[in-house]
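Student: structural data only, the sequence is not supplied:
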């Protein structure tokens, strides 16, 4: 089996900014290094203000790094000609909302150098890919947030790039919109493309990413596959039951880290297996009905909160005032 090809290479990347005249520098990126392999979905995750968008701006050539190196497809990010092989969806894209979905894709196709002979076919293919064929003649001002994100992904693909960079593509979307964008990203991998996916929505990253890198306060905290990062041991048990007697609830609460009484049932979250088994016996012994018994393993959210979640707000506040000589 041939070795995986590194599509994106980042080595000891540092970015300092001076917030104002006479003020000392702030460090936004502090020596981060990582690789993105060919034909993978690479998740770049972290809290707001961690440095995700700054890293993307360096990779896109929008800003220069203070030090370190970054390359895409073997080309330094300061080069220009290779960028026709890159697609990019920024976090807050702006479109001319008086244009229709079809017109905006024609505009970007022409801007990207797609030949007139191929342009209409390419636009039709992209509208089909992102599920907007029926809305191709609708003005963008009448699109929902999810539809705008999908047209944004389409414009990033209009010139058939080899690598696609998506900055927070699911931010602000409802569950349906998030699923639609997730499905599109998965289809890009099936087509053989490499996807760099920046997000703070951990559930989406866990569902679609081959590997993830966690960035926190401008530093790379951890990188690997989910199998490498997450433990397989059972962390806790979720028990949902109905008809549980008050005395049984009180007894189970002593070993439950969370007890939630709802309209028709009660939820217990218990860490130890023996305590969970005892709770089930109490429920059944008191005439209650067991609805579900669910062992929970570590999720990416659990891992993330354990690594960087505690005190994140305090850390971000500290970073805002951090000064670098």
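Tutor: Arrived safely, thanks for sending. Since the structure is predicted, the reported quantities are computational estimates derived from the model, not experimental observations.
Student: how about residue 109, what does it touch?
Tutor: By CB atoms under 8 Å, 6 or more residues apart in numbering, the contact set of residue 109 is 119, 122-123, 158-159. Any C-beta I mention is one placed from the backbone N, CA and C, and that applies to glycine too.
Student: can you show me the strands along the stretch 1-150 of the chain?
Tutor: 6-17, 26-37, 41-45, 67-72, 75-76, 86-89 (DSSP state E, counting those that start in this stretch).
Student: the third one pairs with which strands?
Tutor: Read it as strand 41-45. Partners of strand 41-45 in the sheet, by DSSP bridges, are strand 194-199 (parallel), strand 211-216 (parallel).
Student: from the contacts of residue 109, which two are the most distant?
Tutor: Using CB to CB, the two most remote members of those are 123 and 159, lying 11.8 Å apart.
Student: pLDDT below threshold where in this protein?
Tutor: 1-3, 232, 309-325 (pLDDT under 70).
Student: isn't residue 165 right up against residue 55?
Tutor: No: using CB atoms under 8 Å, residue 165 is not in contact with residue 55; the gap is 10.1 Å.
Student: of these two, who's got more company?
Tutor: For residue 165 versus residue 55, neighbours defined as other CB atoms under 10 Å are more numerous around residue 55 (28 against 25).
Student: residue contacts, the nearest residue to the more buried one once chain neighbours are set aside?
Tutor: Sequence neighbours aside, residue 29 is the residue nearest to residue 55 in space, at 6.4 Å (criterion: CB to CB, 6 or more residues apart in numbering). Applying CB under 8 Å, 6+ apart to residue 29 gives the contacts 13-15, 51, 54-55, 58, 65, 218.
Student: one more time with 7 Å
Tutor: Counting by CB atoms under 7 Å, 6 or more residues apart in numbering, residue 29 makes contact with 13-15, 51, 54-55, 218.
Student: do the same with residue 244
Tutor: 266, 283, 286, 288.
Student: right, and the last one touches residue 241 too?
Tutor: Yes: applying CB atoms under 7 Å, one finds residue 288 in contact with residue 241, separated by 5.0 Å.
Student: which one's more surrounded, these two?
Tutor: Between residue 288 and residue 241, residue 241 has the larger neighbour count (other CB under 10 Å), namely 24 against 19.
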